[in-house]
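A.B. asks: Build me a model from this:
(one chain, ligands or ions: 2)
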Amino acid sequence: MKKELIITPAKCIGCSTCALTCSLVNQGEFDLAKSHIRITKYDFEGIFLISFLSSCKSCHQCAKACPSGAIRSMNVPDNTGHTEGGAN
Ligand code: SF4
Ligand code: SF4
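C.D. replies: Ligands and ions are numbered 1, 2, ... in the order given. Below is the predicted model:
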């Protein structure tokens with residue numbers, strides 16, 4: 001088992017707490033441009049896209065900060081990666 005980030009975009013409320021936390025933890029300042037995660041709003045659909053840059057350090061601090069459960073840190077079998085979607 002290992003820790004992986006489980007992503008459920010439908011739960012995202014677009015607060016950017018994950019991105020601000022990422023920049024603070026990894027860069028020492030609140031700056032969305034320095035975060036390793038991007039939250040993009042699709043106005044027509046009314047949903048948010050959650051995407052990780054290749055520079056993501058997999059520290060899982062964004063998951064700890066997310067208030068909605070859109071990003072969760074979970075124990076998963078060793079042969080899986082970041083997972084998008086999910087039933088809950
Ligand atoms: S897991 Fe990646 S995106 Fe999340 S806080 Fe860590 S470096 Fe940032
Ligand atoms: S993933 Fe979570 S913390 Fe990040 S913008 Fe969406 S609801 Fe907020």
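A.B. asks: ok now do Thr21, which residues does it touch?
C.D. replies: Gln61, Cys62, Lys64, Ala65 (C-beta atoms under 8 Å, 6 or more residues apart in numbering). (C-beta placed from N, C-alpha, C; glycine too.)
A.B. asks: And for the helix or strand containing the second one, what's in contact with it?
C.D. replies: Taking DSSP states H and E as the definition, Cys62 sits inside helix 61-65. Taking C-beta under 8 Å, 6+ apart as the criterion, the residues outside helix 61-65 that touch it are Leu5, Thr17, Cys18, Ala19, Leu20, Thr21, Cys22, Val25, Ile37, Ile71, Arg72, Ser73.
A.B. asks: contacts with ligand 1 among those, please.
C.D. replies: Filtering the contacts of helix 61-65 for neighbours of ligand 1 using C-beta under 6 Å from any ligand atom leaves Cys22, Val25, Ile37.
A.B. asks: Most neighbours among those residues, which one is it?
C.D. replies: Cys22 (25 neighbours; other C-beta atoms under 10 Å).
A.B. asks: did I read that right, Thr21 in a strand?
C.D. replies: No: applying DSSP: H, G, I helix; E, B strand; the rest coil, one finds Thr21 to be helix, outside a strand.
A.B. asks: Now it: closest residue in space that isn't a chain neighbour?
C.D. replies: Nearest in space to Thr21, with sequence neighbours left out and distances taken as C-beta to C-beta, 6 or more residues apart in numbering, is Ala65 at 3.9 Å.
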